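Peer 1: how would this look folded up:
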Amino acid sequence: MIGRVVVAKRREGNQERHPGRLGNPAILNTLGAALYRASKYDSAIVRLKESIRAAGGEGTPLDWLFLALAKARTGASDEAKLWHARAAARWRQVNQQKSGRLNGLPPLSWTDRLERQLLLREAEAATTRP
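Peer 2: Next up, the predicted model:
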């Protein structure tokens, strides 16, 4: 996790020198996730929304889960619940498919499935706190 935080700080500090890299949805998602883990929730939200825009406006369940987590931390609990519900619905849909594929991609590895399950649980806990 420390590595993700260091990467986030470096990327955020170097964005003026390398603006093209921040147009990549995967990089923006990783940056948003790292910023969330570094407790920079508002910056994480900005990057995750950029990731969604860079991916054509749809985004991925990982974008949605980290948005749910960041929104919950900033007090936007209703919006956090919506992002969590959207991600949970998509993952249920993927798990029901026989191939386990998402958007024609290869099936997820067990480590990817485990990561998503843990993030879903974390987001559920964050969005149901009083």
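
Peer 1: contacts and neighbour counts: CA atoms only from here.
Peer 2: Will do.

Peer 1: what strand or helix carries Phe66?
Peer 2: Phe66 belongs to helix 61-73 when assigned by DSSP states H and E.

Peer 1: that helix: which residues count as buried?
Peer 2: Neighbour-count burial for helix 61-73, counted by 16 or more other C-alpha atoms under 10 Å, picks out 61-73.

Peer 1: make CSV out of these and add pLDDT and distance to Arg53.
Peer 2: Output for the buried residues of helix 61-73, formatted as CSV (pLDDT from 0 to 100; distance: C-alpha to C-alpha, whole Å):
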residue, pLDDT, distance to Arg53
Pro61, 90, 14
Leu62, 92, 14
Asp63, 94, 11
Trp64, 95, 12
Leu65, 95, 16
Phe66, 97, 15
Leu67, 97, 14
Ala68, 96, 17
Leu69, 96, 19
Ala70, 97, 18
Lys71, 97, 18
Ala72, 95, 21
Arg73, 95, 22
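
Peer 1: now distance to Leu31 too, for the residues you listed, in JSON lines please.
Peer 2: Listed next are the buried residues of helix 61-73 as JSON lines, based on distance: C-alpha to C-alpha, whole Å:
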{"residue": "Pro61", "distance to Leu31": "15"}
{"residue": "Leu62", "distance to Leu31": "12"}
{"residue": "Asp63", "distance to Leu31": "11"}
{"residue": "Trp64", "distance to Leu31": "14"}
{"residue": "Leu65", "distance to Leu31": "14"}
{"residue": "Phe66", "distance to Leu31": "11"}
{"residue": "Leu67", "distance to Leu31": "12"}
{"residue": "Ala68", "distance to Leu31": "16"}
{"residue": "Leu69", "distance to Leu31": "14"}
{"residue": "Ala70", "distance to Leu31": "13"}
{"residue": "Lys71", "distance to Leu31": "16"}
{"residue": "Ala72", "distance to Leu31": "18"}
{"residue": "Arg73", "distance to Leu31": "17"}
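
Peer 1: so what does the helix or strand Leu82 falls within touch, helix or strand wise?
Peer 2: Assigned by DSSP H and E, Leu82 falls within helix 77-96. With contacts taken as 3 or more C-alpha pairs under 8 Å, 6 or more residues apart in numbering; DSSP states H and E, helix 77-96 sits against helix 61-73, helix 110-128.
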